[in-house]
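Q: need a 3D model of the following:
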Amino acid sequence: MFLIERTRNGKVETLKDSSSHLTKTFATLLEAETFCTKLNRVIDSDKQWKVKESRFA
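A: Coordinates of the predicted model:
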């Protein structure tokens, strides 16, 4: 499983499911990278998201 996260002001943020406190997870790397690319198209370069493999997979 994969998740999407970024570091802002020294703090790691993990992408959450819409209207939820739960971390959004992806079954495949391709699925996570595709979603991350779409997010980063509209985000400033200093706030970019990155794909990370979950430790709990």
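
Q: ok, residue 24 to residue 55 distance?
A: Distance, residue 24 to residue 55, by C-beta to C-beta, to the nearest Å: 16 Å. The C-beta positions use only the backbone N, C-alpha and C, and glycine is treated the same way.

Q: the more surrounded of the two?
A: For residue 24 and residue 55, the more surrounded residue by other C-beta atoms under 10 Å is residue 24, and the numbers stand at 15 against 7.

Q: wait, is residue 18 part of a strand?
A: No: read with DSSP: H, G, I helix; E, B strand; the rest coil, residue 18 is coil and lies in no strand.

Q: residues near it, how many?
A: 5.

Q: what's the answer for residue 40, then?
A: Counted with other C-beta under 10 Å, residue 40 comes out at 16.

Q: helices of the chain, start to end?
A: With DSSP state H as the criterion, the chain has helices at 29-40.

Q: so where's it shaky on pLDDT?
A: 57 (pLDDT under 70).

Q: show me where it has strands.
A: Assigned by DSSP state E, the strands in the chain fall at 2-8, 11-14, 25-26, 50-53.

Q: mind listing the strands the first one pairs with, and their directions?
A: This points to strand 2-8. Strand pairing for strand 2-8, determined by DSSP bridges: strand 11-14 (antiparallel), strand 25-26 (antiparallel), strand 50-53 (antiparallel).
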